[in-house]
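Undergrad: 3D, please:
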Amino acid sequence: IFGDTTHRELKPRLGRRSALRFVHQLAEHADWPQRGQSPLDEKGSDPFGNPLVQAMSALRRVARPGSLVVVISDFKGFDRAAQSYLSSVARHNEVLAVFMNDPLERRLPPPGRYRIVSPTDELAIDTFATAARRDYEKEFADRAENLENFCHRYGVHLMPMSTDDDPVATLQTALGRRTH
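TA: Residues are numbered from 1 along each chain as shown. Below is the predicted model of the structure:
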């Protein structure tokens, strides 16, 4: 389980107890309460480097050939280094890339002024500018297209999943199972 600053490796085991342990570790991961970007240093850059690159590098080290590898990510920071690591994993494993995204990533809310508040910061955004709205949507579309092209090129199975999707139904559809 990889976060922005830490990762935890769990050995695969069978059984209900092991599944519950995995879900518990996933839900209680140290990075989740941050709910934001990695802490930035005084220069405004991430002192931990690109977390996705680090995760893909670690994945390459721990994935055993012939494994089914499931990567659940928003794929922000999926640069050449991360692609290199994941393509290396895909050469020897079956890889399912679950592209998590949110409706607000795909499209800004209706034109207006919005206030965004976190425990440590506050930000106001203005979504009236047509060009800014277009650029915002294009950035997401470009990221999705780049990921789709990568997956096609390296035989990685891609499964887009929105935060407003039913995860069980989405998985069943992606895995070719009936939903009833």
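Undergrad: Output the contacting helices and strands for the one helix or strand residue 55 maps to.
TA: With elements taken from DSSP states H and E, the one containing residue 55 is helix 51-62. Packing partners of helix 51-62 (3 or more C-beta pairs under 8 Å, 6 or more residues apart in numbering; DSSP states H and E): strand 68-73, helix 80-92. Quick note: C-beta positions are derived from backbone N, CA and C, even for glycine.
Undergrad: and that helix, average pLDDT?
TA: Helix 51-62 comes out with an average pLDDT of 85.
Undergrad: Please point out which parts of it sit buried.
TA: Neighbour counts over helix 51-62 (16 or more other C-beta atoms under 10 Å) mark 51-57, 59-60 as buried.
Undergrad: which one of the residues you listed sits closest to residue 86?
TA: When the buried residues of helix 51-62 are compared for distance to residue 86 (C-beta to C-beta), residue 56 wins out at 5.1 Å.
Undergrad: Report the contact partners of the closest one.
TA: Neighbouring residues of residue 56 by C-beta atoms under 8 Å, 6 or more residues apart in numbering: 81-82, 85-86, 89.
Undergrad: Give me the three-state assignment for residue 133.
TA: helix (DSSP: H, G, I helix; E, B strand; the rest coil).
Undergrad: tell me which element the closest residue in space to it that isn't next to it in sequence is part of?
TA: Nearest residue to residue 133 in three dimensions, chain neighbours excluded: residue 108, at 5.4 Å (C-beta to C-beta, 6 or more residues apart in numbering). Here residue 108, judged by DSSP H and E, is contained in no helix and no strand.
Undergrad: List the backbone torsions phi and psi for residue 108.
TA: Residue 108 adopts backbone torsions of phi -70, psi 160, taken as degrees, to the nearest 10.
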